[in-house]
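Novice: Need coordinates for the following:
(one chain, ligands or ions: 1)
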Amino acid sequence: MNSATFDFAVVGGGPAGLAASTLLAAGGARVLLIDAARTAAFKAGEFIHPKVKAFINRLAVLQEGWEASHLPIHGLVNSWASVTPRETDFIFNPNGPALALDRQLFERQLLDTASSRGVETRLGWTAKGMEMANNLSWRVELSAANDLAYCDARYLLLATGRRSAPSISNVQRRKFDRLAFLAAHIIGPVVDCRPIIECFENGWVYMTPLPGDARVVYVFFDPRLGLPCHRTLESLRSALKSCSRLSTLLDEISCKEDAKIEWFSGAASSHLANRTAGQNWCFLGDLAESRDPLSTSGLFNALRDASRMAAHLLSGQMTGKACEEMHLERVQSFADYLKTRHSYYEEETRWNGFPFWSGKGGLVAS
Ligand SMILES: Cc1cc2nc3c(=O)[nH]c(=O)nc-3n(C[C@H](O)[C@H](O)[C@H](O)COP(=O)(O)OP(=O)(O)OC[C@H]3O[C@@H](n4cnc5c(N)ncnc54)[C@H](O)[C@@H]3O)c2cc1C
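Specialist: Prediction:
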């Protein structure tokens with residue numbers, strides 16, 4: 001590997017790391033992007049509001065026309081805390097429809113822009129360790145299959161997502177809840193393809209359509225109370241029988257013999273790191289903080305983090321005081337988010353006798 005010292009090494013090629021790399025390279029910096037996956041790992045797909053789409057366009061981290069490969073969403077149906085669904089439409093929204101993203105394609109599009117701006121990439125390499133070599137630059141150890149390598153950079157941006165542990169000494173993340181998800185990625189056409197949010201006895205569920213006659217049903221639950229269903233369509237239908245909209249959709253899907261289903265699961269908990277920037281390093285996106293998917297703010301936060309940090313770094317303003325101020329701002333905004341999350345879970349009173357709801361969506365006692 002080229003032993004020249006990069007201005008910035010960005011570890012993690014999700015939306016936060018990719019956007020930060022592009023913006024730093026566009027500002028004239030020499031940037032190395034490292035991601036453990038050779039191609040974007042399978043991620044089911046996500047929903048973004050029209051205003052997030054407009055924000056992405058202002059950032060200019062994607063080529064013009066990128067939206068055309070994703071699915072426009074003209075409205076959604078939300079039955080949180082109510083039997084009567086609230087239907088929202090985006091018909092008169094000045095930013096046009098919302099979007100359901102093909103997440104792998106979205107990341108490939110971000111990567112194409114990063115490469116076109118001169119970002120150097122090491123895909124398929126995992127950052128194993130990092131240390132300050134001589135108080136001037138970081139040495140990052142990389143591994144891939146049977147290979148080992150290293151790179152040097154003056155500044156380190158870590159954007160390794162919610163599943164990875166912080167690799168800076170004395171930095172820990174505090175977990176505020178234990179929310180987890182089970183997801184069914186289903187291919188097969190259905191009639192009503194608006195996103196749906198519904199609650200049930202043991203959690204809540206969110207379905208979003210995706211490009212290519214696909215949809216993903218995410219079931220959120222508290223893993224301490226056990227899985228709400230097995231990985232079969234029959235079991236999912238049975239677990240969600242009190243969700244009227246989802247049940248109709250799953251009935252429709254189960255009639256189609258050629259429907260293909262892929263299952264996966266993971267954590268969806270909220271957490272915040274006790275420090276998110278220091279001397280010559282910072283955390284971005286879900287590594288710094290992650291929020292309940294109910295907030296649909298994950299991608300926006302990741303990209304906003306990337307843009308703020310790139311602006312600070314390019315203007316040379318990342319002093320110790322600036323790091324402290326940014327962290328305090330994050331702590332305040334996270335505290336506001338926790339209050340909002342709490343009020344949402346309080347609002348749903350139909351299943352108060354069930355442990356998920358009396359535990360307010362998997363809250364961890366403080
Ligand atoms: C079930 C669920 C549904 C969601 N739905 C939505 C939604 O509808 N809308 C929305 O806005 N947000 C949603 N989110 C949140 C959104 O997915 C995240 O906020 C977003 O992916 C964060 O981006 P990131 O770049 O910080 O991290 P990630 O996308 O997790 O990227 C991290 C990258 O780091 C790489 N990596 C990890 N460790 C290493 C290492 N040691 N070395 C090299 N590379 C490494 C990984 O390969 C990965 O590519 C959802 C989250 C969940 C869990």
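Novice: Could I get the pLDDT score of residue 2?
Specialist: At residue 2, the pLDDT value in this model is 49.
Novice: center of the chain - which residue?
Specialist: residue 298 (4.6 Å; Cα atoms, centre = their mean).
Novice: which residues does it contact?
Specialist: Counting by Cβ atoms under 8 Å, 6 or more residues apart in numbering, residue 298 touches 46, 286, 290, 291. For the C-beta atoms, the positions are set from N, CA and C on the backbone; glycine is no exception.
Novice: out of the residues you listed, which one sits closest to residue 215?
Specialist: Of all the contacts of residue 298, residue 215 sits closest to residue 46, with 12.2 Å by Cβ to Cβ.
Novice: Setting the sequence-adjacent residues aside, check what's closest to the closest one.
Specialist: Nearest residue to residue 46, sequence neighbours excluded (Cβ to Cβ, 6 or more residues apart in numbering): residue 101, at 5.1 Å.
Novice: Next up, phi/psi of the residue nearest to the centre of the chain, please.
Specialist: phi -60, psi -50 (degrees, to the nearest 10).
Novice: likewise the one 3 residues further on?
Specialist: Torsion angles at residue 301 (phi, psi; degrees, to the nearest 10) stand at phi -60, psi -40.
Novice: count of neighbours near the residue of the stretch 1-150 of the chain found nearest the ligand?
Specialist: Using Cβ to the nearest ligand atom, the single residue of the stretch 1-150 of the chain nearest to the ligand is residue 14, 2.1 Å away. When neighbours are counted by other Cβ atoms under 10 Å, residue 14 registers 27.
Novice: Just to check, it is in contact with residue 159?
Specialist: Yes. Between residue 14 and residue 159 there is a contact under Cβ atoms under 8 Å: 6.2 Å.
Novice: Now the common contact residues for those two.
Specialist: 285, 302.
Novice: Can you name the residues of the stretch 251-366 of the chain that neighbour the ligand?
Specialist: 266, 268, 285, 286, 293, 296, 297, 298, 299, 300, 302 (Cβ under 6 Å from any ligand atom).
Novice: Next up, the contacts around the fourth one.
Specialist: I take that to be residue 286. Neighbouring residues of residue 286 by Cβ under 8 Å, 6+ apart: 14, 16, 161, 162, 298, 302.
Novice: same thing but 6 Å
Specialist: Shown in contact with residue 286 (Cβ atoms under 6 Å, 6 or more residues apart in numbering): 161, 162.
Novice: Check residue 360 too.
Specialist: Contacts of residue 360 by Cβ under 6 Å, 6+ apart are residue 345.
Novice: Kindly list the main-chain dihedrals of residue 30?
Specialist: Torsion angles at residue 30 (phi, psi; degrees, to the nearest 10) stand at phi -90, psi 120.
Novice: Look up the closest residue to the closest residue to the ligand within the stretch 51-200 of the chain, ignoring the ones flanking it.
Specialist: Going by Cβ to the nearest ligand atom, the ligand is nearest to residue 161 of the stretch 51-200 of the chain, at 2.5 Å. For residue 161, ignoring the flanking residues on the chain, the nearest one in space by Cβ to Cβ, 6+ apart is residue 286 at 4.8 Å.
Novice: What separation is there between the one you found and residue 126?
Specialist: From residue 286 over to residue 126 the distance is 17 Å, taken as Cβ to Cβ, to the nearest Å.
Novice: And for residue 325?
Specialist: Residue 325 is 32 Å from residue 126, by Cβ to Cβ.
Novice: okay, the two: which has more neighbours?
Specialist: residue 126 (16 against 12).
Novice: my read: that one touches residue 143, true?
Specialist: Yes. The pair residue 126 / residue 143 is scored as a contact, 5.4 Å apart, by Cβ atoms under 6 Å.
Novice: quick one: buried residues of stretch 152-172?
Specialist: For stretch 152-172, the neighbour count (16 or more other Cβ atoms under 10 Å) marks 152-153, 155-162, 164, 166-168, 171 as buried.
Novice: now swap in stretch 185-198 and tell me
Specialist: Under 16+ other Cβ under 10 Å, the buried positions of stretch 185-198 are 185, 186, 187, 188, 190, 193, 194, 195, 196, 197, 198.
Novice: right, and the first one touches residue 217 too?
Specialist: In this case it means residue 185. No. Using Cβ under 6 Å, residue 185 makes no contact with residue 217, being 8.3 Å away.
Novice: so residue 175 touches residue 271, yeah?
Specialist: Yes. Between residue 175 and residue 271 there is a contact at 4.7 Å, judged by Cβ under 6 Å.
Novice: ok, those two, which is more surrounded?
Specialist: Taking neighbours as other Cβ under 10 Å, residue 175 and residue 271 compare with residue 271 leading, 20 against 15.
Novice: Next one: the nearest residue to residue 240 once chain neighbours are set aside from residue 282, what distance?
Specialist: Distance criterion Cβ to Cβ, 6+ apart; nearest residue to residue 240, sequence neighbours excluded, is residue 246 at 5.0 Å. Residue 246 is 40 Å from residue 282, where distance means Cβ to Cβ.
Novice: likewise residue 130?
Specialist: According to Cβ to Cβ, residue 130 and residue 282 sit 13 Å apart.
Novice: re the thing from before, could you name the specific helix or strand carrying the residue nearest to residue 240?
Specialist: helix 244-254 (DSSP states H and E).
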